[in-house]
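Trainee: Please find the sequence and the predicted model below.
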Amino acid sequence: LAKTTQPISMDSYEGQEVNITCSHNNIATNDYITWYQQFPSQGPRFIIQGYKTKVTNEVASLFIPADRKSSTLSLPRVSLSDTAVYYCLIDPYGGSQGNLIFGKGTKLSVKP
Amino acid sequence: DAMVIQNPRYQVTQFGKPVTLSCSQTLNHNVMYWYQQKSSQAPKLLFHYYDKDFNNEADTPDNFQSRRPNTSFCFLDIRSPGLGDAAMYLCATSREGVGVTQYFGPGTRLTVL
């Protein structure tokens, strides 16, 4: 199973773009890359998922290079409410087969 | 709104006293998961159901059991809670297939006295 490595913490200021990079050197062909956000005392919330190249939704973008050994979550113009822990996961078959392993996550602190 | 519901949100039990946590979903997803999350740690998958097929993670202690009587409900039974079992327990659901995402409930925080 592919393991992930991401920074333990990041600081940012309101209005800035935040990029969190995740390394997953042994990602397999069938693996998807998924990012979750978790606020204290709440369950994780899905942010975005991708397989290759670039994916964008209303809250974030996900950049995946051709070798897929890393991915970057991009949060445009963060606000204080984006302060949370962000988890990068490698999902075999996109998550429905179990075997999900959460990495340590990146604690993002957004300051005014 | 369709969602994943966990009851209770906070549960206190005594050392060794069996406890059951419940999860229900209105998403009609056929896959349900239970995770354990200890303070300042990432969620750790305990087991999951694919329909009625139970899939236990290799390192999940025997003290943890689960039941899924129907599509909507899933229960986590801790037969003899120890102090080390104090944690947030998260239930999640997903459809089957490729490229799906998991929907998490708010969690139940278990305290063991």
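Mentor: Right, received. Where do you want to start? Residues are numbered from 1 along each chain as shown, chains lettered A, B, ... in the order given.

Trainee: quick one: the residue of chain B found nearest chain A and A:Asp91, what's the gap?
Mentor: Chain A sits closest to B:Phe104 of chain B, with a gap of 3.1 Å, by Cβ to the nearest Cβ. In this view, the C-beta of every residue, glycine as well, is placed from N, C-alpha and C. Counting by Cβ to Cβ, to the nearest Å, the separation of B:Phe104 from A:Asp91 is 14 Å.

Trainee: These two: who's more crowded?
Mentor: A:Asp91 (26 against 22; other Cβ atoms under 10 Å in any protein chain shown).

Trainee: what secondary structure does the nearest residue to the more buried one once chain neighbours are set aside sit in?
Mentor: Using Cβ to Cβ, 6 or more residues apart in numbering or on different chains and skipping residues adjacent in sequence, the residue nearest A:Asp91 is A:Tyr32, 4.5 Å away. What DSSP: H, G, I helix; E, B strand; the rest coil gives for A:Tyr32 is strand.

Trainee: Does A:Tyr32 touch A:Tyr51 like I think?
Mentor: Yes: the criterion here is Cβ atoms under 8 Å, and A:Tyr32 meets it with A:Tyr51 at 5.5 Å.

Trainee: and residue 75, how many neighbours?
Mentor: Picking chain A for this. Residues lying near A:Leu75 (other Cβ under 10 Å) number 23.

Trainee: my bad, chain B
Mentor: When neighbours are counted by other Cβ under 10 Å, B:Phe75 registers 16.

Trainee: so it touches B:Leu21, yeah?
Mentor: Yes: B:Phe75 is in contact with B:Leu21 according to Cβ under 8 Å; the separation is 6.9 Å.

Trainee: what does the helix or strand of chain A with the lowest mean pLDDT contact?
Mentor: Within chain A, no helix or strand scores below strand A:84-92, which has a mean of 88 by mean pLDDT, DSSP states H and E. Here strand A:84-92 makes contact (Cβ atoms under 8 Å, 6 or more residues apart in numbering or on different chains) with A:1-4, A:6, A:20, A:22, A:24, A:27-28, A:30-39, A:44, A:47, A:49, A:71, A:73, A:95, A:99-103, A:105-108, B:42.

Trainee: One more pass at 7 Å, please.
Mentor: For strand A:84-92, contacts defined as Cβ atoms under 7 Å, 6 or more residues apart in numbering or on different chains pick out A:2, A:4, A:6, A:20, A:22, A:24, A:27-28, A:30-39, A:44, A:71, A:73, A:99-100, A:102-103, A:105-108, B:42.
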